[in-house]
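In: Task: produce atomic coordinates for the following.
(2 chains, ligands or ions: 2)
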Amino acid sequence: MSYAYLFKYIIIGDTGVGKSCLLLQFTDKRFQPVHDLTIGVEFGARMITIDGKQIKLQIWDTAGQEAFRSITRSYYRGAAGALLVYDITRRETFSHLTTWLEDARQHSNSNMVIMLIGNKSDLESRREVKKEEGEAFAREHGLVFMETSAKTAANVEEAFINTAKEIYEKIQEGVFDINNEANGIKIGPQHSPTNPSLPGAGGKDGSQGGGCC
Amino acid sequence: MEDNCEGCMELFSQDGVLLKQAHSYYIQYFNESGTLYITEYANTKDRFIEWKPNSVTVHSDSHDSEWSFVNAIYRGEQMSPQPPDSKPKYIKLDMNQVRSFKVSKKNDTMTFFDGKGEILCHFFFQHGNCFSLFAALKGLLKTTVSKRDKNIHIIVDETLQLNKSFATLDLFQDSQSASIVWGFVRSFQEKPVETAFGAFAKIGNTIGNNFMPSSSPQPIEEEVITNDVKEYERGVESSDGASPKDYEIIHSSPELPSRLQYPRGNPLSYDQWTALQDSEGRIEDVEYTKLHIFRGGIAPSLRKVVWKYMLDFYPWNSSNADRKTILGKKEQDYYDMKLQWKTLKPWQLQNFVQLRDRLSLVEKDVTRTDRTLPFYAGDNNKNLQAMSDILMTYVMHNFDLGYVQGMSDLLSPILYLLQNEVDAFWCFAGFMERVCTNFDADQAGMKTQLSNLYILLKFSNPTLASYLDNQESGNMFFCFRWLLVLFKREFELHDVFRLWEVVWTNHPCNNFHLLISIAILEKQQSEFIGEEMGFNEILKHVNDLSGKLDVNDILDNAEGLYYQIRESSQLTNEVRQILGLPLIAESSPKDDSTDSIENELMANVDKAYENGLHTSYF
Ligand SMILES: Nc1nc2c(ncn2[C@@H]2O[C@H](COP(=O)(O)OP(=O)(O)OP(=O)(O)O)[C@@H](O)[C@H]2O)c(=O)[nH]1
Ligand SMILES: [Mg+2]
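Out: Ligands and ions are numbered 1, 2, ... in the order given. Got it, this is the predicted structure:
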């Protein structure tokens, strides 16, 4: 299938916060509570439409386990978007956000759009982190924020799509250098470099990634 | 080479000779009685040690020309691919390949070594002793007695006219010998017996043979480069536009002998297992048993029993009575340890954060391990409870290691198979003994494995290695999951059983799983290069191989690869070390370069780990 752009995403955050469940809900529209824990990295992909344009999201779901951090970090570089996830029913996953954020900022490009996600919003009775706290953290660090539930699918689409919209806007504003694939954006194979809405979209032939995902 | 028996002269023969050990290809004849010959071919003057099992009718002086013969070992140009279905009929060992031999104290066994640390053949003389064979060998060969073990006889190459005896040679003055001794001392601590044999044989090699593999003259290089380019071009045939110049061509790449097929054998059956035990239930020949398992695995119904030996639950030499005692003790120990954490008071846990964190991680992960298997499916599943109890008890058993993700993946198949909490715990603990460095807090064990994998790949397939390097994948991170949980996620459960039991035999070397990795990777080479895959695509492609791999084919190729690498004329010490072969002195210029490559590589992996920095593009 042809696409105008391909965006690379990463999903990061403590183990067990629901990263893999969020991905599965987004790509397959189902909740699999017994999903295997992640070792290394897993992949998902889905096509979305923004502003009438087909955009392919290539999503890397990383392992949250502390011990694997040195490996998973190597996947950050070259991502256009990141979902930083915590679990609203476990305060420690919220406390670790600063470390995750530092790590992500240090090992990825500076324009990466980061969406903060408080997951498991369906478990209201076990909530340990108030929504306002999430909002405040996001404001303080310049992130977009949303509470989601991979179980009920609440806000899952929005989380992924809003991130893509933000990236798309940054492209329109010329903030992202889309000729540099290290920014996690690739122009689709069918798109002519003369498209006026794509600043400086010439040069690079995007055909090589077409088969991926 | 053909088995032409015209002009073949029998110099010696003796019957009642049991084959105890040889290349695992001959496993079907192990412990069989047969006749041993020394033969000489008139035209070439080549001499052979031959052994034929009694189960095949033998006419001692006329070699049946219908018999397909197989060289006892495969090396260099002598490699003759074996048709996959034809079983070797007898052993034929070129005397030129023998570097030393050892006579046992009782004079009832004789062992032939290749000088590379490997046993070529090991014979037991049922009727009396090996004196007559010994005398025959002494008559044909110039030998010298090893300085350290009077039972080892080193063959002196007459072409060199070395008249000094081994004992009077001042061996350790030059750097070559010093390095042999160094290698010897290093590996002696781990494998005293094998090392001693290998190293002495090697010393024989240095004296007796000037044509050291790695000191071969340089001109080979040119040929190798051309070859490399050819190989590269073959690899990218399907893609257009890529020029070989885009990629670095490795200069001193070694040429491997061609790959032989090693089709898997039959699994160890119940009857065979019973026959392997003495009247009190002791396994008599452990190496043979392991070799059998290496070649064919274990019959599914027997796994439950044999895994306990492979995972050090029971010692191989334990009798039926011993095992009763051991089982009682293990049960007791397990329940004691389990009680330790079960009886912690809430305030104790409250003030013991390391333990609390581990227990809660275990709880979270047990519900996310193989839940699609009916055995672990559903809520309130008692097998989940057992898995959780085992992992928590393991935290008490080895607190330094504790629990790290990946361990539940290693436990799951064991518990599934054994269906017993105590058995599964101890077998899991035995498994962890082998792979615990995978779970080092600083990931040092994984770093070493990934860099060893790269070193082996660079040696066996420099084209693929340099392609991966150019795609910023030289750190081999994309193989992380394979190595961390020993391919558990890549195969269907019964294939995991097979692969694990084969790896647990430690045949043909301790790092066989790295050769398995290469066997898988080399099959992807044409796609990697042909589709010009980059960092992202390679990682994704490798991830997606899960469930698509053929375990037998991979084991077959991994074994073939082992012998290819081992028999390569340019084997380096860093590769020898990874494969557990004794080190030998190498010519200095090469030595330096490989060393620096290794250092550079380790530094790179280290750096990558430290920063987690890796440029990655689509
Ligand atoms: N109630 C509820 N449970 C969820 C939700 N999302 C995930 N879970 C549960 O949380 C557990 C962990 O989810 P995963 O998606 O495996 O967590 P992860 O972040 O991928 O963890 P790692 O792979 O270890 O890094 C699962 O067992 C799910 O059942 C949610 O939105 N609501
Ligand atoms: Mg996950």
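In: Tell me the backbone dihedrals of B:Ile91, please.
Out: Note on B:Ile91: its backbone torsions stand at phi -100, psi 140 [degrees, to the nearest 10].
In: Without its sequence neighbours, what residue ends up closest to it?
Out: B:Trp51 (4.5 Å; C-beta to C-beta, 6 or more residues apart in numbering or on different chains). Just so you know, the C-beta spots here come from the backbone N, C-alpha and C atoms, and that holds for glycine as well.
In: Bridging across strands, which residues link to the one you found?
Out: B:Trp51 forms beta bridges with B:Leu36, B:Ile91, as assigned by DSSP bridges.
In: hang on, isn't it packed against B:Cys121?
Out: Yes: judged on C-beta atoms under 8 Å, B:Trp51 makes contact with B:Cys121 at a distance of 7.0 Å.
In: The host helix or strand of B:Gln577 - contacts with which helices or strands?
Out: B:Gln577 belongs to helix B:573-579 when assigned by DSSP states H and E. Counting contacts by 3 or more C-beta pairs under 8 Å, 6 or more residues apart in numbering or on different chains; DSSP states H and E, helix B:573-579 packs against helix B:444-460, helix B:551-567, helix B:588-611.
In: Can you pull the residues that touch both of B:Trp51 and B:Cys121?
Out: Common neighbours of B:Trp51 and B:Cys121, using C-beta atoms under 8 Å, 6 or more residues apart in numbering or on different chains, are B:19, B:91, B:93.
In: which of those tops the neighbour count?
Out: Within the shared contacts of B:Trp51 and B:Cys121, neighbour counts (other C-beta atoms under 10 Å in any protein chain shown) peak at B:Ile91, which reaches 27 neighbours.
In: residues in contact with that one?
Out: B:Ile91 neighbours (C-beta under 8 Å, 6+ apart): B:19, B:22, B:26, B:29, B:49-52, B:70, B:72, B:121.
In: Please name the residues that touch residue 103.
Out: I'll assume chain A. Under the criterion of C-beta under 8 Å, 6+ apart, the contact list for A:Asp103 reads A:12, A:69, A:73, A:76, B:612.
In: wrong one, chain B
Out: Counting by C-beta under 8 Å, 6+ apart, B:Val103 touches B:109-110, B:130, B:134, B:151, B:153.
In: Which one of these is nearest to chain A?
Out: Set against chain A, the nearest of these by C-beta to the nearest C-beta is B:Thr109 (47.2 Å).
In: gap between that closest one and B:Leu93?
Out: From B:Thr109 over to B:Leu93 the distance is 16 Å, taken as C-beta to C-beta, to the nearest Å.
In: Repeat that for B:Leu450.
Out: Distance of B:Leu450 to B:Leu93, given as C-beta to C-beta: 38 Å.
In: what do you get for B:Leu137?
Out: Distance of B:Leu137 to B:Leu93, given as C-beta to C-beta: 12 Å.
In: Just want the most central residue of chain B.
Out: For chain B, the residue nearest the mean C-alpha position is B:Cys509 (2.1 Å; C-alpha atoms, centre = their mean).
In: what's the spatially closest residue to B:Ala444 that is not a sequence neighbour in contact with, if anything?
Out: Sequence neighbours aside, B:Thr437 is the residue nearest to B:Ala444 in space, at 7.0 Å (criterion: C-beta to C-beta, 6+ apart). B:Thr437 makes contacts with B:444-446, B:448, as judged by C-beta under 8 Å, 6+ apart.
In: Please apply the same query to A:Phe43.
Out: Listed by C-beta under 8 Å, 6+ apart, the contact set of A:Phe43 reads A:58-61, A:213, B:540, B:543-544.
In: ranges for the helices of chain A?
Out: Assigned by DSSP state H, the helices in chain A fall at A:19-28, A:69-72, A:91-95, A:97-107, A:131-141, A:156-172.
In: so where's the longest strand in chain B?
Out: If you go by DSSP state E, chain B has its longest strand at strand B:8-21.
In: Point out the other helices and strands that that one packs with.
Out: Packing contacts for strand B:8-21, counted by 3+ C-beta pairs under 8 Å, 6+ apart, involve strand B:33-41, strand B:47-53, strand B:119-125, helix B:131-140.
In: Now tabulate those in a markdown table and tack on mean pLDDT and mean neighbour count.
Out: Converted to a markdown table, the helices and strands packed on strand B:8-21 look like this (pLDDT from 0 to 100; neighbours: other C-beta atoms under 10 Å in any protein chain shown):
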| stretch | mean pLDDT | mean neighbour count |
| --- | --- | --- |
| strand B:33-41 | 85 | 20 |
| strand B:47-53 | 87 | 22 |
| strand B:119-125 | 85 | 22 |
| helix B:131-140 | 81 | 15 |
